[in-house]
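this one's structure only:
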């Protein structure tokens, strides 16, 4: 398989790894095909994501996508996180081979779940956007 230098960098030196104490939102994504799991934690102030942390059990591309996805979501309004797509997560690692595209879907699912959890905790209505690809 041919991976981009950006993906390899995120895999070798992932950013924002670990748990978060008292997160404002938590979400998880899974791909049953290989057992990959990603959990995302959000810290939000005034509707803006100020910190993202993640934990993952998965292949190298899933670790890289979680790292890149955490950076992608940092600084965004929660509403914009809900508009993210799996394609945007994939683009953040400069693409994935077809057989590893599920990595972006798992991260997208976790980000959506974390943003939704934040809004639910705030008593706000939930309007999801974006989208995952069906693999």
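Sure thing, it's come through. Values in this document were obtained by computation on a predicted structure and should not be read as measured data.

residues in contact with the residue nearest the centre of the chain?
For the chain, the residue nearest the mean C-alpha position is residue 107 (3.5 Å; CA atoms, centre = their mean). By CB atoms under 8 Å, 6 or more residues apart in numbering, the contact list for residue 107 reads 29, 38, 40, 62, 65-66, 68-69, 86, 89. Yep, even glycine has a C-beta here, placed from its N, CA and C like the rest.

Show me which of the residues you listed is closest to residue 4.
residue 68 (10.5 Å; CB to CB).

Excluding chain neighbours, what is closest to the closest one?
residue 92 (3.7 Å; CB to CB, 6 or more residues apart in numbering).

Neighbours of residue 59, how many?
18 (other CB atoms under 10 Å).

Next up, phi/psi of it, please.
phi -70, psi 170 (degrees, to the nearest 10).

circling back: which of the contacts of residue 107 fall in helices?
Among these, the members found in helices (DSSP state H) are 62, 65-66, 68-69, 86, 89.

Which stretches in this protein count as strands?
Along the chain, counting by DSSP state E, strands occupy 25-31, 36-45, 48-57.

just checking, what packs against the last one?
Read it as strand 48-57. With contacts defined as 3 or more CB pairs under 8 Å, 6 or more residues apart in numbering; DSSP states H and E, strand 48-57 has these neighbours: strand 36-45, helix 60-73, helix 78-83.

Then the first one?
For strand 25-31, the helices and strands in contact under the criterion 3+ CB pairs under 8 Å, 6+ apart are strand 36-45, helix 102-122.
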